[in-house]
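A.B. asks: Model the structure of this input:
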Amino acid sequence: MVDIEKEVERQFKILTRGVEDLISEEEFKSKLRNSIKNNKPLVVKLGVDPTGSDLHIGHAVQLRKLKKFQELGHRVKFLIGSFTAKIGDPTGKSETRKMLTSEEIAKNIKGWLDQVQIILDLDKIEVVYNGDWLEKLTLEDTLKLLSQFTVAQMIQREDFAKRLEAGKPVSLVEFMYPILQGYDSVAIEADIELGATEQKFNLLRGRDLQKNAGQEQQVCMMTPILVGLDGVEKMSKSLGNYIGLRETPNDMFGKVMSISDELMWNYYELATDIELEEIAKLRKGVENGTLHPMDVKKRLGVEIVAMYHSREEGEKAREWFENVFSKKNLNVDLPEKEFSKGEIKIIDLIVKELEFCKSTSEARRMIKQGAVKIDEDQITDLNYIVKLEKDFVFRVGKKKIVKIIVK
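C.D. replies: Below you'll find the predicted structure:
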């Protein structure tokens, strides 16, 4: 016979790893207890808006949490905002988002599902679309939803308050977003909703609407934002500080090696499944000098590659990195980029063609620092014209390298 309390604690420990905010711990344990006692899986909701088509390991933090619920036998509902994507989640935005077309949303949904399969078994979860119920709401239904909230409540939301204070507009459509997200929880009778810490306002609206609808309120489980490679902003494709789920093993490994020694602990906890006790030992080893940070970071690189490719590919990526950047051995396969014969400005090559730097000013800084090389020749002239006449190896900084193929 199952020891219910022991099983509650076991599941609680697994599911709350890396969770920054939980509303509430007591409710979550109660739901787990009832689930185990009655052999009734919890309904777990993760909602995503397909406003883009490329996923990165920041998205994977919650997807992997969803997988843990799935592995423990709970009922996972992966909710795609086929309707709310038209509005776009205003969280963290400094201006109103452009509304997407149905065609753009359909394309993005396909991209999401293709990549989600890297982490989740789609045959073992329920993929639901909020357009199935939100598009059926009448004007009267919508007004009843709106009547449950006040303007004062909505402008308490931090990003709305900041925009209003700065004299920037907040559309009424944006006020609707957290209400519609909350209604999704009513529609699927969610027990748990996963989200990032910045989505707390939206997740709490689900609790409000469930209470008013006579349902048991969902537990809000919030994970921290995964900081991007720059160590400053949250991971984002638009900022170029991300590790994509579909990147090659070598690119993944190389990007991991570019993060700071301090940031790697955040990645260990949020982006891998290594036991927390093991991570604590690694950290202690670095602090007391028995482990070198570079070696610990290489292990992190292997672990992340292994999650999305295989452990063998992770080890190969480590070997490739050591050959190219430690042993300076370029007789290995390098990423390639083809160009037609001609000429190009060095800064255009770095920023526009290769996207090795996010801006012209960053590229200029790298050139001035002597961090740009063509084969073994250091380029320090900001106005240098690259002659595209024969193949060469091009480097920017310690971690960005490509073989230019001239056709």
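
A.B. asks: the strands in this protein, which residues?
C.D. replies: 21-23, 43-48, 75-80, 126-129, 192-196, 219-223, 336-339, 342-345, 372-374, 377-378, 385-388, 392-396, 400-406 (DSSP state E).

A.B. asks: export those strands to CSV and tack on distance to Arg163, mean pLDDT and mean neighbour count?
C.D. replies: For every residue, glycine as well, the C-beta is placed using N, CA and C. As requested, these are exported to CSV (distance: least, Cβ to Cβ, whole Å; pLDDT from 0 to 100; neighbours: other Cβ atoms under 10 Å):
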stretch, distance to Arg163, mean pLDDT, mean neighbour count
strand 21-23, 24, 95, 17
strand 43-48, 23, 94, 24
strand 75-80, 27, 93, 22
strand 126-129, 30, 91, 15
strand 192-196, 19, 95, 25
strand 219-223, 22, 96, 23
strand 336-339, 41, 87, 12
strand 342-345, 39, 90, 12
strand 372-374, 40, 87, 20
strand 377-378, 46, 84, 10
strand 385-388, 44, 89, 16
strand 392-396, 37, 85, 19
strand 400-406, 36, 85, 17
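
A.B. asks: Trp320: which of those is closest?
C.D. replies: strand 400-406 (10.7 Å; Cβ to Cβ).

A.B. asks: Save the strands of the chain as CSV, and put in distance to Trp320 too.
C.D. replies: Shown next, in CSV, are those (distance: least, Cβ to Cβ, whole Å):
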stretch, distance to Trp320
strand 21-23, 39
strand 43-48, 33
strand 75-80, 34
strand 126-129, 36
strand 192-196, 33
strand 219-223, 31
strand 336-339, 14
strand 342-345, 27
strand 372-374, 19
strand 377-378, 24
strand 385-388, 25
strand 392-396, 14
strand 400-406, 11
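
A.B. asks: Select, out of these, the one closest to Ala306.
C.D. replies: strand 219-223 (21.3 Å).

A.B. asks: Show residues contacting the closest one.
C.D. replies: 15-16, 18-24, 27-28, 31, 61-62, 65, 191-197, 199-200, 203-204, 206-207, 270 (Cβ atoms under 8 Å, 6 or more residues apart in numbering).

A.B. asks: now it against strand 192-196, angle please.
C.D. replies: For strand 219-223 against strand 192-196, the angle by axes from the mean of the first three to the mean of the last three Cα atoms, to 10 degrees is 30 degrees.

A.B. asks: that older thread, which among the contacts of strand 219-223 end up buried?
C.D. replies: 15, 18-19, 22-23, 27-28, 31, 61-62, 65, 191-196, 199-200, 203-204, 206-207, 270 (16 or more other Cβ atoms under 10 Å).

A.B. asks: Out of those, name the ones that lie in helices.
C.D. replies: Of the positions in the buried ones among the contacts of strand 219-223, 15, 27-28, 31, 61-62, 65, 200, 203-204, 206-207, 270 sit in helices, assigned by DSSP state H.

A.B. asks: residue ranges with poor pLDDT in the chain?
C.D. replies: Scanning the chain for pLDDT under 70 picks out the ranges 1, 52-53, 88-99, 326-332, 398.

A.B. asks: so what are the domain limits for it?
C.D. replies: Following automatic domain parsing, one gets these domains for the chain: 4-223, 249-326, 336-406.
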